[in-house]
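>>> structure, please.
(one chain, ligands or ions: 1)
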Amino acid sequence: MKISSYEEYKEVYQKSVDDPEGFWAEVGQEFQWRKPWKRVLDWNFDEPNVKWFEGGKMNITENALDRHLEENANKPAIIWEPNDPSDEAVTLTYQVLYDRVCSLANVLKKYGIKKGDRVCIYLPMVPELAIAVLACARIGAIHSVVFGGFSAKSISDRINDAGCKMVITSDGAYRGPKVIPMKETVDHALESCPSVERVLVLTRTRTPVAMLKGRDLWWEDEVKYVEAKCPAEEMDSEDVLFILYTSGSTGKPKGVVHTCGGYMVYATYTFQNVFQYEPGEVHFCTADIGWITGHSYIVYGPLCSGATSLMFEGVPTYPDAGRLWDIVDKHKVNILYTAPTAIRSLMSFGLQYVKDHSLSSLKKLGSVGEPINEEAWHWFKENIGKGSCPIVDTWWQTENGGILISGLAGITPEKATYATLPLPGVQPVLVDENGNELEGTGVSGNLCIKFPWPGIIRTTYGDHERCKQTYFSTYPGKYFTGDGCLRDENGFYRITGRVDDVLNVSGHRIGTAEVENAINMHLGVVESAIVGFPHDIKGQGIYAFIITERKPAEPEMMRKDISATVAQIIGPIAKPDKIQFVSGLPKTRSGKIMRRILRKIAEGDVSNLGDTSTLLDPSVVDEIKAGAI
Ligand code: 6R9
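Predicted coordinates for the structure are as follows:
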């Protein structure tokens with residue numbers, strides 16, 4: 001189903017509310033099912049228990065690959081642009097991708113991976129990452145992709161939580177001018193991962209790596225001895241497709257679980273409608289497949305649509321800040337989907353990096369990951385879209401599987417900094433703190449969704465109670481997003497940011513508790529509190545208030561050491577931008593840190609700290625204010 005006018009959008013939206021099952025049955029028909037579903041939807045948000053297309057049998061790779069072979073075998077499925085622009089780009093046609101997925105699937109089978117087994121994938125942005133994801137899906141193994149920037153400790157936590165039997169990695173990774181070890185990091189992780197039996201290693205950088213007999217295998221050797229045909233495992237619509245870990249406001253990251261049928265339908269439906277995909281277009285999503293955006297809009301959505309998906313190994317600033325525009329011109333990109341943090345960063349280098357590029361192939365632009373500010377929106381519109389490309393600001397989350405609130409490119413009206421309208425099938429509501437629904441327009445509150453859509457989270461791996469607590473308990477009967485939002489006089493939605501203790505740093509979700517736990521593991525640290533502060537490029541920066549046992553003799557050195565500890569426990573993305581050593585934190589009499597005060601100080605707004613009379617020791621506030629960075 002592709003909506004092609006604003007009028008049609010309104011009609012279809014209404015239909016999706018009046019008859020959701022009829023609506024989704026129509027969308028579901030567009031896919032290849034081995035056996036039709038018996039029931040479109042069964043749900044309650046209390047347990048929660050959500051089932052879409054129950055009884056339907058399918059395999060997502062038959063929809064992403066086999067289905068296109070008859071007519072489009074030689075059409076490019078993936079165009080891969082390497083880190084170094086002087087290396088050659090690689091094009092994988094649907095036929096080649098199919099062959100390589102099947103070969104790898106046979107390797108996985110050979111080493112005992114079966115339907116339901118978990119496989120951890122820790123790879124750079126090379127075509128083999130997409131191949132590994134699809135090979136797992138082919139045989140019904142559950143993939144858990146871990147972003148290449150995470151530390152050994154983060155990898156082992158994720159492997160152990162999911163009980164992965166295999167890890168797929170590479171010797172190293174290229175990232176701009178740097179070579180980053182991958183296998184070595186996995187080796188450290190595996191010191192505490194008893195479930196892992198095999199490690200499959202791809203050669204990318206030719207970095208010397210240790211290879212253990214009986215455990216480690218070379219990708220290139222293994223794929224030589226298997227067939228390039230592998231029947232797809234028959235999956236139930238509600239069988240698990242993948243786990244993807246994401247940060248929340250408390251404790252360790254949660255394994256968000258998505259299932260085969262609903263996720264396939266939702267990722268594909270949103271790809272086709274939001275970007276108004278037309279056959280033959282080249283779609284470039286700059287995310288990493290280690291995040292949900294890459295899962296849905298580099299791999300599954302585009303491939304299930306038979307599109308050409310561009311994968312970029314490097315970073316937007318290497319060899320210079322014109323790299324994305326080089327890629328757009330070189331590969332004649334039609335759809336560019338990126339993040340506000342990337343736009344702001346490239347903006348800061350100035351227009352000289354844009355001016356020698358034609359960018360005339362671009363037809364549609366997209367933004368994702370964090371609220372986009374007015375300035376970045378207009379810069380993107382004028383300088384990249386040359387004033388004529390529609391921009392879709394797409395709001396959604398790992399837990400959603402695909403875009404929930406967004407314009408449809410060129411079809412629905414746009415408004416800078418507004419995600420605008422819910423997609424047909426999505427029923428957003430704003431609620432106040434007491435859970436009362438806020439009706440009408442010109443209101444702001446906490447964003448909830450009151451009816452399921454096919455891509456909704458099914459559970460958090462191994463801990464269903466946590467799923468219920470996190471998303472379905474704050475406002476009973478509704479899915480709570482954790483975001484604040486306003487609805488303007490036209491009914492357009494604008495996401496204002498997280499209302500919980502989750503930070504959004506360069507579009508990456510980071511839990512304050514996670515960073516605090518890592519800092520507290522550092523020698524000599526007694527306690528810490530993390531808050532976000534406005535950051536020109538990253539959107540939010542990380543500000544850490546830290547109590548130490550003794551006053552640090554060399555504060556600058558200790559700041560660096562603490563950052564090194566955070567990088568080791570979580571990964572470099574969670575390093576604090578600012579560290580202030582304090583002798584106490586503002587706490588209530590019941591021992592709760594008043595983050596509201598710390599946030600104000602971190603923002604540099606100390607004029608109005610509000611009521612501090614309930615603090616145990618109000619004098620710490622003056623000390624913190626005086627030492628603010
Ligand atoms: C897809 C993705 C989800 C959180 C989400 C919200 C923020 C994402 C946004 C946006 C404003 C947008 N977010 N897109 N905020 N406008 N267009 O990013 O998933 O990594 O799980 O992050 O990101 O705060 O709750 P994820």
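>>> tell me where the model's unsure across this protein.
Scanning the chain for pLDDT under 70 picks out nothing.
>>> what about 80?
Applying pLDDT under 80 to the chain flags the ranges 250-251.
>>> show me which residues of it sit near the ligand.
Counting by C-beta under 6 Å from any ligand atom, the chain comes close to the ligand at 246, 291-293, 367-371, 393-398, 419, 481-483, 495, 498, 504, 509. Heads up, the C-betas are built off the backbone N, CA and C, glycines and all.
>>> so of those, which ones are in strands?
Judged by DSSP state E, the residues of the chain next to the ligand include 246, 367-368, 393-394, 481-483, 495, 498, 504, 509 as members of strands.
>>> what's the most distant pair in those residues?
With C-beta to C-beta as the measure, no two of these lie farther apart than T246 and D393, at 20.7 Å.
>>> all helices for the stretch 51-200 of the chain, in order.
Secondary structure of the stretch 51-200 of the chain (DSSP state H, counting those that start in this stretch): helices located at 60-61, 67-72, 94-110, 127-139, 152-162, 183-189.
>>> redo those as a markdown table? Include mean neighbour count.
Putting the helices of the stretch 51-200 of the chain into a markdown table (neighbours: other C-beta atoms under 10 Å) gives the following:
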| stretch | mean neighbour count |
| --- | --- |
| helix 60-61 | 28 |
| helix 67-72 | 14 |
| helix 94-110 | 22 |
| helix 127-139 | 26 |
| helix 152-162 | 21 |
| helix 183-189 | 21 |
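>>> run through the residues that contact the residue of the stretch 401-550 of the chain found nearest the ligand.
Closest contact between the stretch 401-550 of the chain and the ligand, by C-beta to the nearest ligand atom, is at I495 (3.6 Å). Each residue near I495 by C-beta atoms under 8 Å, 6 or more residues apart in numbering is listed here: 371, 395, 405, 419, 447, 483-485.
>>> just E21 next, same as before
The neighbourhood of E21, defined by C-beta under 8 Å, 6+ apart, consists of 40-41.
>>> CA atoms only: put the helix or strand where it lies into CSV for me.
Using DSSP states H and E, E21 sits within helix 20-28. Presented in CSV, the C-alpha positions along helix 20-28 are these (Å, rounded to 0.1, in the frame of the first residue of the first chain):
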residue,chain,number,x,y,z
PRO,A,20,-7.3,-1.7,12.2
GLU,A,21,-7.4,-5.4,11.4
GLY,A,22,-8.9,-4.8,8.0
PHE,A,23,-6.2,-2.2,7.3
TRP,A,24,-3.3,-4.3,8.4
ALA,A,25,-4.7,-7.4,6.6
GLU,A,26,-4.5,-5.3,3.4
VAL,A,27,-0.9,-4.3,4.0
GLY,A,28,0.0,-7.9,5.0
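>>> now the following helix or strand past it: buried residues?
The element immediately downstream of helix 20-28 (helix or strand, assigned by DSSP H and E) is strand 39-44. Within strand 39-44, the residues that count as buried by 16 or more other C-beta atoms under 10 Å are 40-41.
>>> and for stretch 234-253?
235-250, 252-253.
>>> and if you look at stretch 502-521?
For stretch 502-521, the neighbour count (16+ other C-beta under 10 Å) marks 502-519 as buried.
>>> and that stretch, how far out from the chain middle?
15 Å (C-alpha atoms, centre = their mean, to the nearest Å).
>>> quick one: end-to-end length of that stretch, please.
20 Å (C-alpha to C-alpha, to the nearest Å).
>>> spatially, and excluding backbone neighbours, which residue is closest to L303.
A64 (3.9 Å; C-beta to C-beta, 6 or more residues apart in numbering).
>>> give me the neighbour count for the one you found.
29 (other C-beta atoms under 10 Å).
>>> correct me, but it touches C304?
Yes: judged on C-beta atoms under 8 Å, A64 makes contact with C304 at a distance of 4.9 Å.
>>> for the closest residue to the ligand within the stretch 251-400 of the chain, list the residues it contacts.
In the stretch 251-400 of the chain, the residue that lies nearest the ligand is T398 (3.4 Å; C-beta to the nearest ligand atom). Under the criterion of C-beta under 8 Å, 6+ apart, the contact list for T398 reads 244, 246, 256, 291-292, 509.
>>> and the end-to-end length of stretch 500-510?
Stretch 500-510 has its terminal residues 11 Å apart, counting by C-alpha to C-alpha.
>>> who touches it?
With C-beta under 8 Å, 6+ apart as the test, stretch 500-510 has contacts from 246-250, 291, 339-341, 368-370, 398, 482, 497-498, 511-513, 530, 532, 535, 537-542, 573-574, 595.
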